[in-house]
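# Curious how this folds, go ahead:
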Amino acid sequence: MSAVHVVRFEFQNGIHWGVLRQGRITVVPGVFETTGDFIRQNSIDDLARMNGTELEEGEVKLLSPVTRNQQFVCQGANYRQHMIESGMDPDAKKFNMIFTKATSCLVAADSDLIKPRSVRFLDYEIELGLVMKRAITGAVAVTDANLHEFIAGIVIVNDYSARDIQIPQMQFYKGKSFRTFGPVGPYLCLLDAKDMHYLKALQLRLTVNDQVRQNDSTANLVYGPAETLTELSSVQDLAVGDLIATGTPAGCALTVPSPAKQRIAALMPEATKWKLFLKAQEGRTQYLKPGDVVEARIRSADGVIDLGVQRNRVVGEA
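The predicted structure is shown next:
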């Protein structure tokens, strides 16, 4: 049994789930209100063998495979090079940075990205998303050996961020939760126990107007899924279908002063410090502007796992 790619889609005024094979969707019978419902009620073996009504991928409207009633938990600064470009020392940071995004920012993979009028510095962040297979209601020890009991599958997440709100206001939640700032999908790839090794060997690639900005492997994650779930389980409950975004690689538009400059800035008045920060961002042409097209892809080298292509066009707020 190999990895199974599934989609959630709209067709003839109804919302359905289906198994994707070579551009064709086999409709899964039944109504599943949430991602958790779908995962609980369909085994990967049954889905892999499923036959029935088929549709062409092009004749349906794909939706986010993670529904808005699931939690959206995120890891920050979780790739070595991204930590360095963010002004952190990977060898000194000994903790997992956790935050959440509002689930109202969850949208389909091909949605327009709406740039709010109040946001000056809009950034992109391709991430591998983990979708939960079982609920966690207390501390558990998750290892690579039992990870398959906890993770149902994986998706592409783009953690769009308003840096002029996230950083000077120290508001991760607010800066990352504007509507449309969380496209997910297009495909949810369900994994078997023997597929779990792929979690350490997936290639993430993001382009803006066909120019490569981010390109890295999940082999370079600082905190892997097993240790992250172990830590999270000691803090909070997780439900089947909840989403955990695992952090973004280097290559974001954001530029952060060196540790030495940060030490000098710490001695300045707050207003002066943030004025200098915003001035530094003004010189970064990489920030997103209306008309830009962002594409994100995650796949394994052998093609067994291919999470599809996210394509977001940036539009100004109406």
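# quick one: the strands in the stretch 1-150 of the chain?
4-11, 14-21, 24-28, 54-56, 61-63, 72-76, 97-100, 106-107, 113-115, 122-123, 126-132 (DSSP state E, counting those that start in this stretch).
# and among those strands, the most buried is which?
Sort the strands of the stretch 1-150 of the chain by mean neighbour count, taking mean count of other CB atoms under 10 Å, and strand 126-132 sits at the top with a mean of 26. All C-beta spots, glycine's among them, are computed from the backbone N, C-alpha and C.
# quick one: it to chain centroid distance?
How far strand 126-132 lies from its chain's middle: 5 Å, per CA atoms, centre = their mean, to the nearest Å.
# what helices or strands is it leaning on?
With contacts defined as 3 or more CB pairs under 8 Å, 6 or more residues apart in numbering; DSSP states H and E, the packing partners of strand 126-132 are helix 35-41, strand 151-158, strand 202-208, strand 243-245, strand 293-300.
# List of residues touching it?
For strand 126-132, the surrounding residues in contact (CB atoms under 8 Å, 6 or more residues apart in numbering) are 35-36, 39, 65-66, 74, 150-159, 184, 188, 199, 202, 204-206, 214, 218, 225, 238-249, 296, 298.
# and it, which strands flank it?
For strand 126-132, the paired strands and their directions (DSSP bridges) read strand 151-158 (antiparallel), strand 243-245 (antiparallel).
# Residue 178: which of the ones you listed is closest?
Across the strands paired with strand 126-132, residue 178 has its closest neighbour in strand 151-158 (12.7 Å, CB to CB).
# Mind giving me the packing neighbours of the helix-or-strand element of the chain with minimal mean pLDDT?
Least confident helix or strand, the chain: helix 259-265 with a mean of 73, by mean pLDDT, DSSP states H and E. Packing partners of helix 259-265 (3+ CB pairs under 8 Å, 6+ apart): helix 270-282.
# Could I get the buried residue list for the helix it packs on?
For helix 270-282, a neighbour-count test (16 or more other CB atoms under 10 Å) marks 273, 274, 277, 281 as buried.
# Nearest to residue 170 among the strands of the stretch 1-150 of the chain would be which one?
Ranking those by their distance to residue 170 (criterion: CB to CB) puts strand 97-100 first, at 11.2 Å.
# what residues does that closest one touch?
Applying CB under 8 Å, 6+ apart, the external contacts of strand 97-100 come out as 71-78, 172-173, 176, 232, 235.
# how about a cut-off of 6 Å?
Outside strand 97-100, the residues that touch it by CB atoms under 6 Å, 6 or more residues apart in numbering are 73, 74, 76, 77, 172.
# just the residues you listed now: which is nearest residue 309?
Among the contacts of strand 97-100, residue 74 lies closest to residue 309 (CB to CB), at 21.7 Å.
# With residue 155 as the reference, measure out to the closest one.
Residue 74 sits 13 Å away from residue 155, going by CB to CB, to the nearest Å.
# for this structure, longest strand please?
Criterion DSSP state E: the longest strand present in the chain is strand 306-316.
# Report the mean per-residue pLDDT for it.
For strand 306-316, the mean per-residue pLDDT is 98.
# list the helices and strands that strand packs on?
If contacts are counted by 3 or more CB pairs under 6 Å, 6 or more residues apart in numbering; DSSP states H and E, strand 306-316 sits against strand 113-115, strand 151-158, strand 293-300.
# which outside residues touch that strand?
109-110, 112-115, 156, 158, 183, 186-187, 189, 288, 290, 292-299.
# what inclination does that strand have with respect to strand 202-208?
20 degrees (axes from the mean of the first three to the mean of the last three CA atoms, to 10 degrees).
# Sheet partners, orientation included, of strand 306-316?
Within its sheet, strand 306-316 is paired with strand 113-115 (parallel), strand 293-300 (antiparallel), according to DSSP bridges.
# Kindly report the domain assignment for the chain.
Following the TED database, one gets these domains for the chain: 4-63, 72-316.
# Return the most buried member of these.
domain 72-316 (a mean of 18).
# Export the least confident helix or strand of the chain to CSV, keeping only CA atoms.
Extracted C-alpha coordinates of helix 259-265, given in CSV (Å, rounded to 0.1, in the frame of the first residue of the first chain):
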residue,chain,number,x,y,z
PRO,A,259,22.9,39.8,16.8
ALA,A,260,25.4,42.6,17.3
LYS,A,261,23.1,45.2,15.8
GLN,A,262,20.2,43.8,17.9
ARG,A,263,22.3,44.4,21.0
ILE,A,264,22.8,48.0,20.0
ALA,A,265,19.1,48.4,19.1
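# so how far is it off the chain centroid?
On the basis of CA atoms, centre = their mean, helix 259-265 sits 31 Å off its chain's mean C-alpha point.
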